[in-house]
Structure formats: structure tokens, C-alpha cells
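[1] just coords:
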Ligand SMILES: Nc1ncnc2c1ncn2[C@@H]1O[C@H](COP(=O)(O)OP(=O)(O)OP(=O)(O)O)[C@@H](O)[C@H]1O
Ligand SMILES: [Mg+2]
């Protein structure tokens, strides 16, 4: 397992409030990593920094074999590097069909002229069909994404993430609004994806994290409080005090 | 398995639109003074031809606003620039013919410089100048000036849009910026030393050089046909763009541009593409419009003109091309009916409603009403009717 992403010494301040404080995390490839922590710990902000939505005040974010800095890149450049993201609040294009949503995410050239002259291909259609089957939305392909249930929108967004075929998947609270059976399916999906890529999952549900069975990073007040197996971190006294013991 | 159905088969509304347009063109032709029964006067043929050009700029507006979510309040500036670009050649070439005709009778044959000076004096006499400004360098060539029709507005849109989008100016701030652009342009054109005859504008554009013997009835019909063809081509082009993956991406940008960025699309390039392409189409529409109008002056590119354009699209129903066409036809024809004294004044006893004054108030109220109660505009009715059928 080689290091794919290295975040080191990163800090972010919002109006004098330090949301991320000297945070350092390394993610390997392939790897499945769970990030947990109380509300406001900075989990989403951590993803914002990696994807270029938020620029940190200090620190480094290095990517890939060549140790490229992600800090100078725009959101779309970072995404084209192979970093995909699922948002905490499902954000799909509600006015478009499930198929259109997936087609837009499919890994294809992203330039305006390439898109303008893009013709549907058999591989593209097969890939969409495969992903739709995986996320249980085969019958919903021609439906408007806005008409899906909350759980289905979560699925669609996970599907869009898979369609991008990224090297690093950042998944913010994927199981919110899902039934236990759907949660189980989501864990399987993420575990399978993590066999060949890096997957970082933020989740509050401990059962879900346990089923992922991976290394866990506990965030608190913008920095790493503990790191290790779930059993290891849940035995940590600091973690019990700030998170579990409440 | 992919089924590649033809573009028209996937978009039956395009076929319907082309059929209606062809039928309309045929009927107008058969009723014109030139080749038909004469039931439609030449001036009305011109009005209809101009309306087709307004439809073309309206669908461009619909693509940039209704589909891509950029509320540009400056697209009429591009329309006007197209008109000015073609107007320069029309004025130059026509004056050249007149000047050379009068100078051939002179005892000594005139030098090219004398001819040029005489043309310049003719054109710029009204603003007290007698020399050609730099920007008229290509005015003697139709081909070059036609390139200018596309190039000047295209470059302006590219530079303006490039700066605005790169700074991520969006929403109402972008609208204000586009208004500032068209205001600056019209103020510049109002100046006598702008090189475009100040507030006199360019006139006599209905006289096509080399066609002195051709009656206006016939010329008007040619322009009407050209406008119909341009509208048909523009409609097919835009329908093709918005129906494919491009359409999917630009609608996504309209709905949530930040999310589109995280999918790896460089949003600014897409906006710039749409902004510039629609500006060029607007300019082509303007180049066809003003020879039918006969005159263009700086008032044509006043900021309010671009706002009207947005009003047409809103009333017609944005996010659907035929909606923009309906809006442009409906509002512009209604407008000329009201302002042309077609609508009878209403005597309320204490006050008489004169429609020439009150039409704008009515238009403003309908705009508010449409925005509040029928966000899909008149075009939304079609959805309703089509969905009613099994
Ligand atoms: N753009 C912003 N402006 C100001 N404050 C912000 C901004 N984004 C986040 N914060 C603050 O930073 C802190 C960390 O927020 P973040 O969303 O990263 O927490 P989280 O760990 O994802 O929490 P949750 O579990 O509730 O999703 C919070 O206190 C939040 O209010
Ligand atoms: Mg969060």
C-alpha cells in the first residue's frame, strides 16, 4: 500500500474560529478509512480542503506518486486528478433523469468541445447499466432524479461517484436515511470499491463503521484525536470522554 | 446496446417548429406584394421578417439564460453590433456607387483618394467629419464586413465573459455587469467621434447596393426568407446543443454549478462557450434585422433593449426554445400593435388610457404576473396540453 494522499499540518480558520487545527492524515492506495467524530469536529471541512472547496490557511495537501500539491488547483482540476466526492446532503441534479446524472459523471473527457460532440457509446451504456444495477436504480433510470426518495438520491450520488471511477472516494455520511438492509448493501459496495482504490468514509453510525472493519480516524476540534482499529480507538480514554461517553 | 435514433426523431418538437416556420414562410410569400396576392403589405413583410430575427435572438437568450442560467442583460448589445457591422458596408457601398456615378461626369477622372474623400464626406458630414475612421478599414468589402459581424461581437463576448466568469461573478452581479457593458457601448456610440455617426446612427440600410432597380417589395421578401432560414438553422443548432450531453452539463451548471465542478467539469469554459456562441448568433440576427429596419442608432443597444429580451423569454417560457419564439412573436407584435395606435384607447371618463403610454405598464405587469404565477410562461401551456393526451 503506497501513500496516495498526504495531508499535513493543515489549519483553517472561519471568522476567527479554528475549524481545522494542525491536521495531518495519510491515506494509502488501496485503503478503506473511516473518519468519525462529534458534530462540528471538522470532518466535512476536511473533505472541503481536499476537494478545493476551502483553501487552508497553512499546511500541505500532496497527491499521488509525484506528490502534486492540490492547494493550487481548482475544484474541477482536483476532480480530474481522480478525486470524487459524495456530499453529506445528497446533491444530484434533480431536474435531470437518473441516466443523465450518471452519464454526466461517467469518466469521459471533460472539455466543452469533447462534450459537445460526444456520442453515446456501447461501453458507456453498459457501464451505466452496470452501476444502476449495483445501486438498485435500474428501473429508475428514466425517472427524474428529483422524484427519488432520500435514500435513492444517496444511492444515485454513490453511483455517480463510482461512474467517475476515481482513485480516491470521499464519502460523507452515505448511510443517512437508509434502511438497515440498504446500509448493509452500502458497506459491501464501499468495501468492494476499496479493494482497488482509496475510500474515506465519514459516518456517525458506529454499527456501520464496525461493519466496514477498517482503520478509524477520530477527529475532534479539527485535529486527530486517535487513530487505529475501531476497538483500539473506542478503548481510548480521550475518545470516550469527547465522543462516546456523552 | 445503444440505439442511435436520429436527432429529429428524438426531438419531435424541432420538426414541428420547422414545419410551422415553413408553412408560415409559404403563406407570407403567397400573400406578399412581390410574388403573391398583395394582401400583406411590403412594410408588414418587413415587420414579420424583423420578428423572425427577434425570435432568433430570443432563442439565443433562452439558451444562455433558460438553459445555462446566465441572466445576461446585454445580449441586445451583440445584436446591435451585428447590425452596425453590416450597416457599415451597406452605407459605404451605396455611397460609393452614388459618388462614382457623379464623379464620372467630371472632366478629369478622380483619383482613388478623391473618391474615398468624397464618400467619407457624404457619410460623416452629419457629424462634421470628412475622413474615414480606422474602424471603417474593411467597410469596402462585403466579405470582410460579414466576418466582422461575427468577429467583433464574438471577441467582445469572449473577453467580457472570460473576465467575468473567471472571477466567478454570478447571479445578479453578472446581470448588472452585462447591463454596464451595454450601457457603456451605447454611450460610446452616442458620441459623434465614435466613428459611427453618433446619434444619427447608420441609415438608408434598406437600400441594398447593386440592387437599385429591384423594388423594395422584392428585397423585403428576400430578407424575410433569409431571416426564416437563419431562424431555422439557429433553432436546429441550439436544439442539437441543448438536447445532448452538452445540454445536460449546462442545465446542471444552471441548477448547481459548484456540484458540476466536483464532477471535474471546468464550469467557466462552458459558460464562456455558451455566452460567446449565443452572442454570435445574436449578432447574426442583428445583421439580418437592421437592413429590414433601414436604420440603426445607439438607442437600439440601450440597456432597456436587453431587458425586454429577457422579458420576452420569461413570458414565452424559458428553458424551452419554442417558448422563446412564442414570447418574441407575441410580445413584439403586441407591442407594435399597442404603440402603433392599433389598440383603441379606453375612455374612463376622468382619464383616457392611451395605450402608447400605458403599454409598457401593461408589459411590466404581465412580466410580474408571469414570474409569480406562471414561471413556465406561455410555453408551459404546451406541456400541459401534451401531457393531457394519453
Ligand atoms: N464555511 C464556513 N464558515 C464558517 N464556519 C464553518 C464553515 N464551514 C464549517 N464551519 C464550522 O466549522 C466547524 C466544522 O464543521 P464541519 O462541517 O466540518 O463539521 P462535521 O465534522 O462535518 O460535522 P457534522 O457531523 O455535523 O457533519 C463547525 O463548527 C462549522 O460550524
Ligand atoms: Mg459534516
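    Okay, I see it. None of the values given here were measured: they were computed from a predicted structure. Ligands and ions are numbered 1, 2, ... in the order given.

[2] how about low-confidence regions in chain A?
    Residues of chain A that meet the criterion pLDDT under 70 lie in A:244-246.

[3] is any part of stretch A:176-184 close to ligand 2?
    No - using CB under 5 Å from the ion, stretch A:176-184 never reaches ligand 2; the gap is at least 10.3 Å. All C-beta atoms are positioned from the backbone trio N, CA, C, and that covers glycine.

[4] ok, and what's touching stretch B:345-365?
    By CB atoms under 8 Å, 6 or more residues apart in numbering or on different chains, the surrounding residues in contact with stretch B:345-365 are B:311, B:331, B:335, B:338-339, B:341, B:343-344.

[5] closest one of the residues you listed to ligand 1?
    Ranked by distance to ligand 1 (CB to the nearest ligand atom), the contacts of stretch B:345-365 are led by residue B:311 at 36.4 Å.

[6] so what's the closest one up against?
    Contacts of residue B:311 by CB under 8 Å, 6+ apart are B:327, B:331, B:363, B:367.

[7] coming back round to it: which of the contacts of stretch B:345-365 sit farthest apart?
    The largest separation in the contacts of stretch B:345-365, counting by CB to CB, is between B:311 and B:344 at 24.2 Å.

[8] quick one: secondary structure of the most centrally placed residue in chain A?
    For chain A, residue A:170 is the residue whose C-alpha lies nearest the centre (CA atoms, centre = their mean; 1.7 Å). Under DSSP: H, G, I helix; E, B strand; the rest coil, residue A:170 falls in the strand class.

[9] that one contacts residue A:197, correct?
    No - between residue A:170 and residue A:197 there is no contact under CB atoms under 8 Å: 11.3 Å.

[10] quick check: which element contains whichever residue of chain B sits closest to ligand 1?
    Ranking the residues of chain B by distance to ligand 1 (CB to the nearest ligand atom) places residue B:258 first, at 12.5 Å. For residue B:258, the host element (DSSP states H and E) is helix B:245-262.

[11] so who does the residue nearest to the centre of chain A touch?
    The contact partners of residue A:170, taken as CB under 8 Å, 6+ apart, are A:47, A:50-51, A:83-86, A:200.

[12] inside strands: which ones of those?
    Judged by DSSP state E, strands contain the following of the contacts of residue A:170: A:83-86, A:200.

[13] per-residue confidence at whichever residue of the stretch 251-390 of chain B sits closest to ligand 2?
    Across the stretch 251-390 of chain B, no residue is closer to ligand 2 than residue B:262, which sits at 15.4 Å (CB to the ion). pLDDT recorded at residue B:262 is 96.

[14] show me what contacts it?
    Contacts for residue B:262 (CB under 8 Å, 6+ apart) come out as A:51, A:53, A:75-76, A:79, A:84-85.

[15] and it, how far is that from residue A:222?
    Between residue B:262 and residue A:222 the distance is 22 Å, computed by CB to CB, to the nearest Å.

[16] go on, residue A:35?
    Note on residue A:35: its distance to residue A:222, by CB to CB, is 12 Å.

[17] before we move on, what about residue B:204?
    Distance, residue B:204 to residue A:222, by CB to CB: 72 Å.

[18] check residue B:154 too.
    According to CB to CB, residue B:154 and residue A:222 sit 49 Å apart.

[19] how about residue B:309?
    From residue B:309 across to residue A:222, the span is 49 Å (CB to CB).

[20] and residue B:52, by the same measure?
    Per CB to CB, residue B:52 is found 61 Å from residue A:222.

[21] so between those two, which is more surrounded?
    Neighbours per residue (other CB atoms under 10 Å in any protein chain shown) separate residue B:52 from residue A:222, with residue B:52 holding more: 29 against 23.

[22] tell me the contacts of the closest residue to that one other than its chain neighbours?
    Excluding its sequence neighbours, the residue lying closest to residue B:52 (CB to CB, 6 or more residues apart in numbering or on different chains) is residue B:227, at 3.9 Å. The neighbourhood of residue B:227, defined by CB under 8 Å, 6+ apart, consists of B:49-50, B:52-53, B:56, B:288-289, B:292.
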